[in-house]
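Student: Mind looking at a prediction? Sequence and model below.
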Amino acid sequence: MDTQAILQVENLQKHFPIKGGLFSPKGSKTVKAVDGVSFSLARGQTLGLVGESGCGKSTTGRMVARLMDPTGGRILIDGVDISQLGGRDLYNFRRKVQMIFQDPFASLNPRQTVGTAIAAPMLAQKINPAGGLKSRVKELLEQVGLKPEHYNRFPHEFSGGQRQRVGIARAISLNPSVIVCDEPVSALDVSVQAQVVNLLQEIQRDTGVAYIFIAHDLSVVRHISHEVAVMYLGKIVEQGPREDLFRDPRHPYTQALLSAVPLPDPRAARQQQKIRLRGDLPSPANPPSGCVFRTRCPLFGTLGVEQQQRCISDIPLPASAAAPACHHAGLDSAALAGVQ
Amino acid sequence: MTQLQPSPAGQPATRTAQPATRTGAFLDVRNLSVKFPTDDGLVSAVNGMDFSLERGQTLGIVGESGSGKSVTSQALMGLLKGTSARVTGQALFQGKDLVTLPESGMRQLRGRNIGMIFQDPLSALHPFYTVGHQIAEAYLVHNKASKKQARTAAVDMLGRVGIPSPEQRYDEYPHHFSGGMRQRAMIAMALICEPELLIADEPTTALDVTVQAQILDLMSELQEETNSALILITHDLGVVAEICDSVLVMYGGQCVESGPVDEIFYDTQHPYTLGLLKSMPTLSSSSGRLNPIPGQPPSLLDLPKGCIFSARCEYAALAGDGVCASQRPELVVEDGHGKRCHLRGPQIVTIRNTR
Amino acid sequence: MIRFIFRRTGSLILLLVAVSFITFTLFQLGPADPASAACGQECTPERVAEARVALGMDHPFLIQYIDYMRGLVSPRMIGAPGAESICQWPCLGKSFQTNENVSDIIARSLPYTLSMAVGALVLWTVSGVGLGLLAALRKGSATDKFIVGAASVGVSLPIPVTGLFLLLVFVNQLHLLPFTTNEINSPFGPQGPWAWVLNYLLPWVALAVLFSAAYIRVTRTNMIETFSEDFIRTARAKGLAPRTVTFKHGVRAGITPVVTMLGMDIGLLLGGAVLTEQIFSVPGLGFTAVRAAISGDLPVTMAITMLAAFFVIVANVVVDLAYAAIDPRVRLQ
Ligand SMILES: Nc1ncnc2c1ncn2[C@@H]1O[C@H](COP(=O)(O)OP(=O)(O)OP(=O)(O)O)[C@@H](O)[C@H]1O
Ligand SMILES: Nc1ncnc2c1ncn2[C@@H]1O[C@H](COP(=O)(O)OP(=O)(O)OP(=O)(O)O)[C@@H](O)[C@H]1O
Ligand code: SF4
Ligand code: SF4
Ligand SMILES: [Mg+2]
Ligand SMILES: [Mg+2]
């Protein structure tokens, strides 16, 4: 066991019961939003979590922050399993893991001033910062690039980007050891995004906080993360050190994902060959048998019947640092064409 | 699908000349300003925007968070009418001034002539009505049709935006849809009346790159079919590079630079645009610190007298004589490339080389 | 759905048992001695003792309670040994005061309370939601400020003040309305619905003034919040008419808190609008309950308390069902 790990997640699962109609009894079916996710995160490190919309990234993050109860699996913080905490213990734990939310609109109470919103976690945890709560809040406002004069403003007076900074100020107010950042910079322009990313990295250097960094912008993920995990339909399909994963993506989904990153260079963009995935993410209520990616896998179509059969009937081993969750990873289509 | 704009057969249906308006442009925005009275004072969210757009074109708007991109688009949609916002200036859309047009006239245009797609499709869809109902509703406002016809049209549209088994999906609620599907539903809703102008405010920000690629393809495809104009607001310079014909860069409620996409990327003229380009992490960049533009945007309650960017501009000294702090530069357009900066020719070459 | 109803019925029964037990206990601890009250002016200790037997109060507390509860499911005999009489199901006991079946007393009082509740409810919901909505639509205008001001006055006026004021002005001074009489307790009676409305108008207004103030405030705040939601912007961007935007998209989404309040208030009101019934001397449940409580008439007090609890709980279930009907994301469990 990695003694350095501040956070260890083992076989984490979240199954949502499916709603029956109003007059029909509730079915026994479930949505497998997260289905057997494992990773570990060392102190002061950042794990980037990427993947298709709806693949379970936020759900994973929410479980780690214990805003949601896991259906199964373990979450170890400093070696202590927090997946079953409740009551007082859960309250004390809140200080250790904070979350920055994806949707700055929904996470702020429209009737609360921004100052009050930022002070809320400190009040809830009965923390009295030196110099008083109000001056600490103003300091936090400045730290995230807002102005002290914003203290008494209401969220609707802010642009999307400004609201997101408020969320960041709120999350760092308790000096947690892990922060789950759920798309913290999606709403920001590239310059402010750069400021925030720098800010997050500075905070990490100073305090040793570890981040789970969920984002769709792969260039930011690449910049901030030490490790990257790629999710698809509730499972991690590939994970590894940032450099390896970006240089040599081995799972067909990761390959498609990286190829689709829009290039901020018009000429290059015109030349770009994207791997287009067809259709939508299958329903997590009714995932495909065998490999969950097989319905859209570009590699699948190039495989021989026997190999395809393996994709259909066998579930690949969970992704590890050594290998992605694919039976045929490493066989690219060109190589395959030669084989057949 | 009916061609909204007659075009000679065999020719690409783009950039057709428009019926004569004052300037002849399809959409012509002149000196558009929006101010919000608040308890703290007057917030100048948009300060004299000028731009124009032709049919079949895609204009990307990028810029600082809070620089007034969304407010501009809301002003164009007339969504600020009936609020405390003070909108001045002109926005001529096919000769009609959207700023002075009364709410009732605006309502005729909304949805039918100008469609809009919002960033967060979950909060932008009504949680209590089925997706199909909401799309059919958009159809029924502007078309004399029966409920059944509206349903058929909505199902058809859902299919066209790539929703599998649209007939069943019609009766599902937004919370049953994935993020990407919700955004497709939003697009279906905005496009069902085939508007000539589509405004998309960060349509793919909440989506991963593979879905983003699908949505962008879809929007380009549909735009080509209807020869509509598209205004795309985004923070993603990659998206801009990929699908926009021209770009408008906003800062502090003003257009600071505008022009064809290649010129903005390869012949950057304004220090703020340059700063944006330099802030980007790229897939090939090594780690370390990013290079954001230092400092904070000006308070919109109290804009500086001179150049709005002067407090953060590295090159203010280069322009000489404190002119940046005392004099607000005008938007100067040369060969379709506009910039709002006191720096001139050789000085700009200098700043670009410091990149 | 079926499961939902089963579960709710189960908890309903449990709650009613709890409420009855608490009322029963409180009553035992209370100072009133029903036996001496029942035996009248010239009382000898023997007659008090007789009365105790007649009222069943010679049994231990728990036996009394169990006897009482038995009556709720089957007929039972009541009275001193030898002088028993049958009390038909549902037996809520017999009044200590008049020896009448409590169920008859309730049946007599309920129409008055219903008359009061239904009219007041309609009046305050319509005025509260209507004015709240208007204020939200005209946020910041003089209309808004006037409505909000009036609401804060309304909520601070106690019922006796409004009630007596209304009585004084409209009945004593202006002679516009009749005194509330006990002859009319339903719109279907011989005097017809109009007489019923006139008869109850004042109590309705008195109640509505108090309640609608809260509805105005809740409606206003919620509607303002809803009108700033993204989906309202979407609705406008489609080119929908303002009426459609306001009602179809706005009100439906913003009304749920009002539905909750309504559920609570209906339940409470059916339990008896005590003060209002007193002031306008309407012999409804509240009026009867107060009289019974003062004279130590346990069975009547018990019955009305339990009825009130029953109404509150049923109203809650109805609220949940209404929620599910309004919001497709709600699941009933
Ligand atoms: N409360 C819930 N009840 C039922 N299903 C849910 C619930 N919350 C999430 N889901 C489903 O679980 C899956 C994972 O959702 P999640 O929000 O974790 O995705 P995500 O990866 O964060 O997507 P995005 O990139 O769009 O934010 C989705 O299919 C979603 O519909
Ligand atoms: N109703 C309002 N009252 C006061 N100020 C407002 C209001 N709406 C917007 N603003 C202000 O106007 C400015 C422009 O906001 P806008 O939403 O257009 O920014 P944006 O460019 O879209 O930013 P982002 O990229 O973060 O979405 C912001 O500073 C915001 O605070
Ligand atoms: S296991 Fe088969 S279907 Fe799955 S990713 Fe690998 S090749 Fe594709
Ligand atoms: S006008 Fe001066 S301050 Fe403004 S952008 Fe140009 S050089 Fe910088
Ligand atoms: Mg998410
Ligand atoms: Mg915006």
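Tutor: Cool, got the structure. Ligands and ions are numbered 1, 2, ... in the order given.
Student: where exactly do the helices run in the stretch 101-250 of chain B?
Tutor: Ranges of helices in the stretch 101-250 of chain B, per DSSP state H, counting those that start in this stretch, are B:103-109, B:121-124, B:131-142, B:147-160, B:166-169, B:179-191, B:209-226, B:237-243.
Student: and those, which is most packed in?
Tutor: Burial of the helices of the stretch 101-250 of chain B is given as mean neighbour count (mean count of other C-beta atoms under 10 Å in any protein chain shown); helix B:179-191 ranks first at a mean of 26. In short, each C-beta sits where N, CA and C put it, glycine included.
Student: That one near chain C at all?
Tutor: Yes. Helix B:179-191 is in contact with chain C by C-beta under 8 Å from any C-beta of the partner chain, via B:Met186, B:Met189, B:Ala190.
Student: Run through the neighbouring helices and strands of that helix.
Tutor: strand B:114-117, helix B:121-124, helix B:131-142, helix B:147-160, strand B:197-201, helix B:209-226, helix C:230-237 (3 or more C-beta pairs under 8 Å, 6 or more residues apart in numbering or on different chains; DSSP states H and E).
Student: Just want the residue of the stretch 101-250 of chain C that's nearest ligand 4.
Tutor: Closest residue of the stretch 101-250 of chain C to ligand 4, C-beta to the nearest ligand atom: C:Arg233 (33.4 Å).
Student: Now for C:Phe110: which residues touch it?
Tutor: No, residue C:110 isn't Phe; it's Leu. Residues in contact with C:Leu110 (C-beta atoms under 8 Å, 6 or more residues apart in numbering or on different chains) are C:Gly284, C:Leu285.
Student: that's a helix at it, yeah?
Tutor: Yes. Applying DSSP: H, G, I helix; E, B strand; the rest coil, one finds C:Leu110 inside a helix.
Student: number of nearby residues for A:Ser320?
Tutor: 13 (other C-beta atoms under 10 Å in any protein chain shown).
Student: My guess is it contacts A:Val237. True?
Tutor: No. Between A:Ser320 and A:Val237 there is no contact under C-beta atoms under 8 Å: 11.3 Å.
Student: Distance check, the residue of the stretch 151-300 of chain A found nearest chain C against ligand 3.
Tutor: Going by C-beta to the nearest C-beta, chain C is nearest to A:His156 of the stretch 151-300 of chain A, at 6.4 Å. For A:His156, the distance to ligand 3 equals 45 Å [C-beta to the nearest ligand atom, to the nearest Å].
Student: got the phi/psi numbers for that residue?
Tutor: phi -70, psi -10 (degrees, to the nearest 10).
Student: Counting neighbours, what do you get for it?
Tutor: Neighbour tally, A:His156, other C-beta under 10 Å: 12.
Student: Around ligand 2, pick out the residues from the stretch 51-200 of chain B.
Tutor: B:Ser65, B:Gly66, B:Ser67, B:Gly68, B:Lys69, B:Ser70, B:Val71 (C-beta under 6 Å from any ligand atom).
Student: Turn these into JSON lines, columns for pLDDT and distance to A:Gln4.
Tutor: Formatted as JSON lines, those follow (pLDDT from 0 to 100; distance: C-beta to C-beta, whole Å):
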{"residue": "B:Ser65", "pLDDT": "82", "distance to A:Gln4": "36"}
{"residue": "B:Gly66", "pLDDT": "83", "distance to A:Gln4": "40"}
{"residue": "B:Ser67", "pLDDT": "89", "distance to A:Gln4": "43"}
{"residue": "B:Gly68", "pLDDT": "92", "distance to A:Gln4": "47"}
{"residue": "B:Lys69", "pLDDT": "93", "distance to A:Gln4": "44"}
{"residue": "B:Ser70", "pLDDT": "91", "distance to A:Gln4": "44"}
{"residue": "B:Val71", "pLDDT": "94", "distance to A:Gln4": "48"}
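Student: Report the two of those separated the most.
Tutor: B:Ser65 and B:Val71 (12.2 Å; C-beta to C-beta).
Student: which SS state does residue 121 fall under?
Tutor: You didn't say which chain, so I picked chain A. Assignment for A:Pro121 (three-state DSSP): helix.
Student: wait, chain C
Tutor: Going by three-state DSSP: C:Leu121 is helix.
Student: Spit out the contact partners of it.
Tutor: C:Leu262, C:Asp265, C:Ile266, C:Leu269.
Student: for the last one, helix, strand, or coil?
Tutor: In the three-state summary, C:Leu269 is assigned as helix, counting by three-state DSSP.
Student: Now do the closest residue to it other than its chain neighbours against ligand 3, distance only.
Tutor: Leaving aside its sequence neighbours, C:Leu269 sits nearest to C:Ala117 (C-beta to C-beta, 6 or more residues apart in numbering or on different chains; 4.5 Å). C:Ala117 sits 65 Å away from ligand 3, going by C-beta to the nearest ligand atom.
Student: How many residues are close by C:Ala117?
Tutor: 26.
Student: and A:Cys181, what does it touch?
Tutor: Here A:Cys181 is in contact with A:Met99, A:Ile100, A:Leu200, A:Tyr211, A:Ile212, A:Phe213, A:Ile214, A:Ala215 (C-beta under 8 Å, 6+ apart).
Student: Tell me if I am right that it is in a strand.
Tutor: Yes. Assessed by three-state DSSP, A:Cys181 belongs to a strand.
Student: Now the residue of the stretch 101-250 of chain C closest to ligand 4. Nearest residue, chain neighbours left out?
Tutor: Nearest one to C:Arg233, counting by C-beta to C-beta, 6+ apart, is B:Leu79 at 6.0 Å.
Student: which phi and psi does the one you found have?
Tutor: According to degrees, to the nearest 10, B:Leu79 has phi -80, psi -10.
Student: thinking it is in contact with C:Gly239, fair?
Tutor: No. At 11.2 Å, B:Leu79 does not count as touching C:Gly239 under the criterion of C-beta under 8 Å.
Student: okay, now C:Ala107: neighbour count?
Tutor: 10.
Student: which element is it on?
Tutor: helix C:102-137 (DSSP states H and E).
Student: Show me what secondary structure element comes after that helix.
Tutor: helix C:142-156.
Student: outside of that next one, which residues touch it?
Tutor: Counting by C-beta under 8 Å, 6+ apart, C:131-132, C:134-136, C:138, C:209-210, C:212-214, C:216-217, C:220 sit against helix C:142-156.
Student: now with 7 Å?
Tutor: C:Leu131, C:Leu134, C:Ala135, C:Arg138, C:Val209, C:Leu210, C:Ser212, C:Ala213, C:Ala214, C:Ile216, C:Arg217 (C-beta atoms under 7 Å, 6 or more residues apart in numbering or on different chains).
Student: Would you mind putting the residues you listed into JSON lines with distance to B:Glu330, neighbour count and pLDDT alongside?
Tutor: As requested, those are exported to JSON lines (distance: C-beta to C-beta, whole Å; neighbours: other C-beta atoms under 10 Å in any protein chain shown; pLDDT from 0 to 100):
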{"residue": "C:Leu131", "distance to B:Glu330": "51", "neighbour count": "24", "pLDDT": "93"}
{"residue": "C:Leu134", "distance to B:Glu330": "47", "neighbour count": "17", "pLDDT": "93"}
{"residue": "C:Ala135", "distance to B:Glu330": "46", "neighbour count": "26", "pLDDT": "93"}
{"residue": "C:Arg138", "distance to B:Glu330": "41", "neighbour count": "14", "pLDDT": "89"}
{"residue": "C:Val209", "distance to B:Glu330": "62", "neighbour count": "25", "pLDDT": "83"}
{"residue": "C:Leu210", "distance to B:Glu330": "63", "neighbour count": "23", "pLDDT": "81"}
{"residue": "C:Ser212", "distance to B:Glu330": "58", "neighbour count": "27", "pLDDT": "87"}
{"residue": "C:Ala213", "distance to B:Glu330": "56", "neighbour count": "25", "pLDDT": "87"}
{"residue": "C:Ala214", "distance to B:Glu330": "57", "neighbour count": "18", "pLDDT": "87"}
{"residue": "C:Ile216", "distance to B:Glu330": "52", "neighbour count": "28", "pLDDT": "92"}
{"residue": "C:Arg217", "distance to B:Glu330": "51", "neighbour count": "20", "pLDDT": "91"}
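Student: would TSV of these with distance to ligand 1 be doable?
Tutor: Output for the contacts of helix C:142-156, formatted as TSV (distance: C-beta to the nearest ligand atom, whole Å):
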residue	distance to ligand 1
C:Leu131	37
C:Leu134	36
C:Ala135	35
C:Arg138	37
C:Val209	42
C:Leu210	40
C:Ser212	37
C:Ala213	37
C:Ala214	32
C:Ile216	34
C:Arg217	31
